[in-house]
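A predicted structure for the sequence below; I have some questions about it.
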Amino acid sequence: MTDLTKIPCTIVTGFLGAGKTTLVRNLLQNAGGRRLAVLVNEFGDIGFDGSFIEGCGIEGCSEDDIVELANGCICCTVADDFVPALNKLLDRPNPPEHIIIETSGLALPKPLVTAFNWPSIRSRVTVDGVIAVVDGPAVAAGFFADDPEALAAQRAADSSVEHDNPLEEVFEDQILCADLILLNKADLMSADDKARVRQDIAAHLPRSVKIVETDHSGVEPALILGLKAAVEGDLSARPSHHDGEEGHDHDDFDSIAIPVGTVASAEALALRVGKAAEADGVLRIKGFVPVEGRPMRLVVQGVGRRIAHHYDRPWTPGEDRQGRLVVIGLKGFDRASVEQALAG
């Protein structure tokens with residue numbers, strides 16, 4: 001089969017809390033009649049991000065169009081999870097015209113792209129493009145120290161730093177594989193910060209990749225879908241920290257899911273989440289909870305010191321109104337402090 005007869009797939013990658021799920025929702029809401037399907041992968045004990053898409057009320061989007069992979073990192077489980085799930089979508093009587101794959105924030109995109117050369121799927125699908133969503137304010141704040149000399153100096157000065165920062169490597173691998181980079185949350189950045197982050201990202205790229213500034217991952221679908229990059233045949237142009245390795249593991253990360261009952265108000269919950277986010281080693285907190293006297297579900301996201309919350313949809317009749325918060329952190333993060341803070 002030629003690339004013209006293969007079903008195109010767009011891989012959406014990006015670090016924790018960058019805005020990947022918001023981008024996928026925007027694409028679904030503006031599909032323009034095109035049949036889209038989504039494979040969503042999340043790192044954690046519950047499939048949180050998939051719940052933002054399933055049953056979301058988007059016209060033309062059914063539960064059959066959403067496939068959630070919650071058994072582990074998608075780039076580490078291609079044989080057991082990803083390839084079978086992709087084949088299931090392709091074997092439908094009315095297969096999708098385009099497939100969007102949202103990876104977890106900890107996934108490396110290149111091993112996933114490599115899987116598209118597997119015999120069972122290589123004649124049926126092609127990677128139309130890899131989109132990297134970047135949390136602009138986080139990078140501007142220095143969450144990733146990209147200067148190797150500065151890293152060496154930091155390791156020498158801090159006895160607790162015994163290895164390279166794995167988060168930095170994940171971030172770099174994501175932008176190195178990208179065909180398009182979305183500098184998201186640009187509305188929260190100054191002009192100087194945006195210019196500096198653009199320069200820092202460009203300094204890592206061995207080839208020309210367009211960087212587009214976005215607010216709330218808002219972008220025209222025509223800019224994302226239809227790149228025709230055939231990425232699986234262009235792997236040599238996309239270097240990775242893990243080239244030549246069999247794979248990678250996530251021993252550097254942990255996650256826990258914490259049940260949360262009805263809260264008095266959104267503001268009260270935000271204070272609890274903010275306190276929990278300050279615990280040593282915590283990277284991200286996300287989830288949804290019921291609020292007293294409110295018919296809608298409250299969604300909360302916490303990355304660093306930024307805590308955001310909004311009501312996304314009404315609780316459905318008979319639905320268990322039990323809140324759940326997923327906490328993702330470095331291996332050995334202070335779970336006791338997190339649980340105490342979220343308990344109120």
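Looks like it arrived, so ask away. All values derive from a computational prediction rather than experimental measurement. Numbers count the residues shown, from 1 in each chain.

C-alpha only now, for contacts and for neighbours.
OK.

give me the distance from the longest helix seen in the chain to the chain's centre.
Counting by DSSP state H, the longest helix found in the chain is helix 191-204. Relative to its parent chain, helix 191-204 has a centroid offset of 21 Å by Cα atoms, centre = their mean, to the nearest Å.

by contact count, what packs against it?
Here helix 191-204 touches helix 136-140, helix 166-176, going by 3 or more Cα pairs under 8 Å, 6 or more residues apart in numbering; DSSP states H and E.

and that helix with helix 166-176, angle?
Here helix 191-204 runs at an angle of 80 degrees relative to helix 166-176 (axes from the mean of the first three to the mean of the last three Cα atoms, to 10 degrees).

who's in contact with whatever helix or strand comes next after helix 191-204?
Counting by DSSP states H and E, the next helix or strand C-terminal to helix 191-204 is strand 210-213. Outside strand 210-213, the residues within contact range by Cα atoms under 8 Å, 6 or more residues apart in numbering are D179, L180, I181, L182, L183, N184, K185, A186, R198.

residues in contact with the helix or strand following strand 210-213: which ones?
Sequence-wise, the next helix or strand downstream of strand 210-213 (DSSP H and E) is helix 221-224. Applying Cα under 8 Å, 6+ apart, the external contacts of helix 221-224 come out as T10, L27, N30, A31, G129, I131, L180.

circling back to that earlier point, between the helices and strands packed on helix 191-204, which one is closest to R321.
Checking the helices and strands packed on helix 191-204 against R321 by Cα to Cα gives helix 136-140 as the closest, at 32.6 Å.

may I ask which of the contacts of strand 210-213 has the most neighbours?
L182 (29 neighbours; other Cα atoms under 10 Å).

with just CA atoms, put the helix or strand containing it into PDB.
Element membership for L182, per DSSP H and E: strand 180-184. Provided in PDB are the C-alpha atoms of strand 180-184 (Å, rounded to 0.1, in the frame of the first residue of the first chain):
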ATOM      1  CA  LEU A 180       5.600  20.800  15.000                       C
ATOM      2  CA  ILE A 181       6.000  22.300  18.500                       C
ATOM      3  CA  LEU A 182       3.200  24.100  20.300                       C
ATOM      4  CA  LEU A 183       4.500  26.600  22.800                       C
ATOM      5  CA  ASN A 184       1.400  26.400  25.000                       C
END
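
direction included, what does it pair against?
strand 125-135 (parallel), strand 210-213 (parallel) (DSSP bridges).

give me the residues contacting that strand.
Strand 180-184 is contacted by residues 18-19, 129-136, 175, 209-217, 224 when judged by Cα under 8 Å, 6+ apart.

okay, now the domains of the protein?
Per the record, the chain has its domains at 7-237, 253-343, by automatic domain parsing.

where among those domains is the average confidence lowest?
Within the domains of the chain, confidence is poorest for domain 7-237, with a mean of 78 (mean pLDDT).

does H309 touch V299 like I think?
Yes: using Cα atoms under 8 Å, H309 is in contact with V299, at 5.4 Å.

so which of the strands paired with strand 180-184 is the most packed in?
Across the strands paired with strand 180-184, averaging neighbours per residue (mean count of other Cα atoms under 10 Å) puts strand 125-135 on top, at a mean of 27.
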